[in-house]
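*Asks:* Predicted model, plus sequence, below.
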Amino acid sequence: MTRMLSIIALVAAMALIIAACEDDAADDTPAETDDTPAATDDAPADDAESDDVADAEGTWHGERDIVLADYNWDSAILLNRIAQFILEEGYEYDTDMIPGETIPLFQGQLDGEIDISMEIWVDQMPPYAPALEAGQVVQLGNSVDDTVQGWWVPTYMIEGDEERGIDPITPDLQHVDDLPEYWEVFQDPEDSDRGRLYDGIAGWEAERINEVKFDYYGLDEYYNRFLPGSNAALDTSLMSAYEQGEPWLGYMWTPTWIAGQLDLTLLEEPEYSDECWEEVQAAVEEERTPETACAWPITEAVIASTSDFADEAPDVVAFLEQFSTNETHISESLAYMADNDVDADEAALWFLEEYEDLWTEWVPDDVADRVRDAL
């Protein structure tokens, strides 16, 4: 009996020793949540998690495309194609664009659906200043540094064109105040009692500004505002009249292919002032006739990105901060586009070949080399 008890005691002691050893082994194993680095800390991040963000140097590696606002006028579309070619061939990034009208597309940018606007006319984009102040967008370079807009006529109407056998039709027409005298020259084909002024496209901020200025100048007694259905329709109305040496009066701006191809004269208005322009813009918002009106400001068209994109892609931001053209560069490129009946992609290639000394200042040497190779 004593022998049996001794064996039992020995077995129990051995069991205790084994249990103690297992406990010690468990205590010596590092806890995964304490000192042991998680496996994902040292391993490359999963593509699905890393594709949509910038790397440590801030270079864009997004799985999605860089999206540009394709505003519905020629110069904005051309500027997009120039930027896209450089981004795709020089920086080797993918791009896309969303076409549409000014205010809806800019709202899309504020909503994060669009990364970059290449041509914002600040005075015609009421939401822009509040968005800039709130930090929703970041202002980068000047896509065009000397934009001009207003009401124009072909110069042959004032000076004639001896080579084409055109005599001056409105020799004393210089100022908008002179327009009542000449309404019959610009007779509306659909209303024999009034002249016709070709306005901007319905929905453009410019069209709304034209409306209140038109009323202030008292032109509603002499003229009808005709709203073309598109930028192309506006251009066609002018080009058709110009080719036949006929009268034309309407809203136009630079840079455009028209400005690069035709000889036009901008009609004078009362001198611009900040106070006057604030009143014009207030009248637009309140849908009333302004107490005063004046010439459009000569402004810069700016480039803006969302603040999130600026943080994610500083190399793209650095490029767009250096991006700068003038009215001549863009008007001549658009004239090439019209004269040769090519699209904006072809015109962008012409611009990059014609103005190499200009765009190579916007980008690092290696990017410039890749763009040249692609050309």
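*Replies:* Perfect, thanks for sending it. Residues are numbered from 1 along each chain as shown.
*Asks:* State whether residue 71 and residue 105 are indeed in contact, as I suppose.
*Replies:* Yes. A contact is recorded between residue 71 and residue 105 when judged using CB atoms under 8 Å, the distance being 6.1 Å. Bear in mind the C-beta positions are built from the backbone N, C-alpha and C, glycine included.
*Asks:* shared neighbours, the two?
*Replies:* Shared between the contact lists of residue 71 and residue 105 (criterion: CB atoms under 8 Å, 6 or more residues apart in numbering) are residues residue 117.
*Asks:* I figured residue 272 was touching residue 292, is that so?
*Replies:* No. In terms of CB under 8 Å, residue 272 does not count as a neighbour of residue 292; the distance is 11.2 Å.
*Asks:* just to revisit the earlier point, the more surrounded of residue 71 and residue 105?
*Replies:* Neighbours of residue 71 and residue 105, each counted by other CB atoms under 10 Å, are more numerous for residue 71; the result is 26 against 21.
*Asks:* if we look at the sheet, which residues does the more buried one bridge to?
*Replies:* Beta bridges link residue 71 to residue 100, judged by DSSP bridges.
*Asks:* show me what contacts it?
*Replies:* When contacts are counted by CB under 8 Å, 6+ apart, residue 71 is found next to 77, 100, 101, 102, 105, 117, 119.
*Asks:* Sort out for me which of these are in helices.
*Replies:* Among the contacts of residue 71, the members falling in helices (DSSP state H) are 77, 102, 105.
*Asks:* any idea which of these is closest to residue 281?
*Replies:* Distance to residue 281, by CB to CB, is smallest for residue 102 among the ones in helices among the contacts of residue 71, at 14.9 Å.
*Asks:* Distance check, the closest one against residue 118.
*Replies:* From residue 102 over to residue 118 the distance is 13 Å, taken as CB to CB, to the nearest Å.
*Asks:* Compare these two (neighbour count), which wins?
*Replies:* Neighbour tally, residue 102 and residue 118, criterion other CB under 10 Å: the higher count belongs to residue 118, 30 against 24.
*Asks:* who's in contact with that one?
*Replies:* Residue 118 is in contact with 68, 69, 76, 79, 80, 83, 143, 303, counting by CB under 8 Å, 6+ apart.
*Asks:* Show residues contacting the helix or strand harbouring residue 195.
*Replies:* Residue 195 is part of strand 191-198, with elements assigned from DSSP states H and E. Strand 191-198 is contacted from outside by 151, 179, 182-189, 214, 219, 222-226, 228, 234, 237-238, 248-251, using CB under 8 Å, 6+ apart.
*Asks:* end-to-end on stretch 91-109?
*Replies:* The first and final residues of stretch 91-109 sit 22 Å from each other (CA to CA, to the nearest Å).
*Asks:* quick one: buried residues of it?
*Replies:* Neighbour-count burial for stretch 91-109, with 16 or more other CB atoms under 10 Å as criterion, is recorded at 91, 93, 95, 97, 100, 102, 105, 106, 108, 109.
*Asks:* Surely the fifth one and residue 72 touch.
*Replies:* What it means is residue 100. Yes. With the criterion set as CB under 8 Å, residue 100 and residue 72 qualify as a contacting pair; they are 6.6 Å apart.
*Asks:* Residue 295 in helix, strand or coil?
*Replies:* Following DSSP: H, G, I helix; E, B strand; the rest coil, we place residue 295 in the coil state.
*Asks:* mind listing what it touches?
*Replies:* For residue 295, the contacting residues are 150, 268, 269, 270, 271, 272, taking CB under 8 Å, 6+ apart as the criterion.
*Asks:* Please spell out which residues along stretch 179-192 are buried.
*Replies:* Of the residues in stretch 179-192, those scored as buried under the neighbour-count criterion (16+ other CB under 10 Å) are 179, 182, 183, 185, 186, 188.
*Asks:* which residues touch the fifth one?
*Replies:* So the one you mean is residue 186. Residue 186 is in contact with 195, 196, 197, 223, 247, 248, 249, counting by CB under 8 Å, 6+ apart.
*Asks:* how does it look with 10 Å?
*Replies:* 153, 157, 169-170, 179, 194-198, 222-224, 246-250 (CB atoms under 10 Å, 6 or more residues apart in numbering).
*Asks:* what's downstream of the longest strand anywhere in the chain, the next helix or strand?
*Replies:* Taking DSSP state E as the assignment, the strand of the chain that covers the most residues is strand 137-154. On the C-terminal side of strand 137-154, the closest following helix or strand by DSSP H and E is helix 156-159.
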